[in-house]
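**Student:** sequence-free structure coming up:
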């Protein structure tokens, strides 16, 4: 364009500024109008004269410092409900949220959370729990929380949700979420708990009962499937349906009656043939593993070294093998065998 202007006899900005804007628009279109504005020293875009959008940040100040994480999360859910309702009335949803918490001693935690599908009120409260748990674990708090602030920094137009025909969210999932929410309203925020994926290599740590008020029920099923597959060192799926609060002490013997052990190279001394739990004796129909796990080796007080196996057991002397078998998870730790979970 510069060479063309030179051929037209316009060699300096003063020549462009002296021309009518309509002539440049007629020859060059929108680019001509932009060049004419720049030559006269105007801004590329005219100033916005409309009123700024309303303040969408939601802040809650506690009357007294709060050290109980459940109290903070319950309050965060109430503040999130108000914020989501306010955004919904404007036809938008929050996809990027800044969460700020301050303590009575001036300590502050800031974090930016992103959810491309939009953050619900339960999802916001859930992020507050994650942020506070990480804050306590990494730094440690010297006082309670006195301020909580939500600042939506990324908004998008609110869109409807398309329910899936195969997999994903269904109408039944929505009905279940509404039923849980209704029970929570009737009985209280801590009365209704659902199993939420927490992560971990131990079957007893992978899920934990969490108050339903702070769980994003709409996307809970989808995220669990994705996270279970991605967790490194976890046992192969499917997960056991029964996890014992107190593992059952067991003895795993080989065919000669000797206790099965595992070497430092994670090799079995012999194939397991029999499992004794209390007064009950079971035959090992089949087995898989072992899967070793070594956690927190750098921390002498919390380090753990164990070996896990999956076994299919049948009662000793029972001829109806097909109807009497059941699969279990066995763990060898500190030289002792434990039954930690079972399937079905």
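**Tutor:** Okay, I see it. Computed from a predicted model, the values in this text were never measured in an experiment.
**Student:** only C-alpha atoms for contact and neighbour calcs from this point on.
**Tutor:** Will do.
**Student:** for the chain, name the helix or strand with the lowest mean pLDDT.
**Tutor:** For the chain, counting by mean pLDDT, DSSP states H and E, helix 220-230 ranks last in confidence among helices and strands (a mean of 51).
**Student:** ok, the strand ranked longest in the chain: who's next to it in the sheet?
**Tutor:** Counting residues, the longest strand found in the chain (DSSP state E) is strand 280-295. Strand pairing for strand 280-295, using DSSP bridges, gives strand 274-277 (antiparallel), strand 304-315 (antiparallel).
**Student:** how far off centre is the longest one?
**Tutor:** Read it as strand 304-315. When C-alpha coordinates are averaged (CA atoms, centre = their mean, to the nearest Å), strand 304-315 and its chain have centres 29 Å apart.
**Student:** buried set for that strand?
**Tutor:** Within strand 304-315, the residues scored as buried using 16 or more other CA atoms under 10 Å are 306-315.
**Student:** how about the first one?
**Tutor:** Along strand 274-277, these residues count as buried under the neighbour rule (16+ other CA under 10 Å): 274-276.
**Student:** out of the strands paired with strand 280-295, which is closest to residue 73?
**Tutor:** For the strands paired with strand 280-295, distance to residue 73 was read as CA to CA. The smallest value, 31.3 Å, belongs to strand 304-315.
**Student:** picking up where we left off before, just put the strands paired with strand 280-295 in a markdown table and tack on distance to residue 9 and mean pLDDT.
**Tutor:** Formatted as a markdown table, the strands paired with strand 280-295 follow (distance: least, CA to CA, whole Å; pLDDT from 0 to 100):
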| stretch | distance to residue 9 | mean pLDDT |
| --- | --- | --- |
| strand 274-277 | 98 | 92 |
| strand 304-315 | 82 | 89 |
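**Student:** residues contacting stretch 267-278, please?
**Tutor:** The contact list for stretch 267-278 (CA atoms under 8 Å, 6 or more residues apart in numbering) reads 248-255, 260-263, 281-285, 287, 290, 313.
**Student:** could you check how far the nearest residue to residue 154 once chain neighbours are set aside is from residue 150?
**Tutor:** Nearest non-adjacent residue to residue 154, counting by CA to CA, 6 or more residues apart in numbering: residue 96, 4.5 Å away. Distance, residue 96 to residue 150, using CA to CA, to the nearest Å: 10 Å.
**Student:** quick revisit: could you point out which element follows the least confident helix or strand of the chain?
**Tutor:** Next along the chain after helix 220-230, taking DSSP states H and E as the criterion, comes strand 242-253.
**Student:** buried residues, that following strand. List them.
**Tutor:** 243, 250-253.
**Student:** make a markdown table out of the residues you listed and add pLDDT.
**Tutor:** Below are the buried residues of strand 242-253 laid out as a markdown table (pLDDT from 0 to 100):
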| residue | pLDDT |
| --- | --- |
| 243 | 87 |
| 250 | 93 |
| 251 | 93 |
| 252 | 93 |
| 253 | 93 |
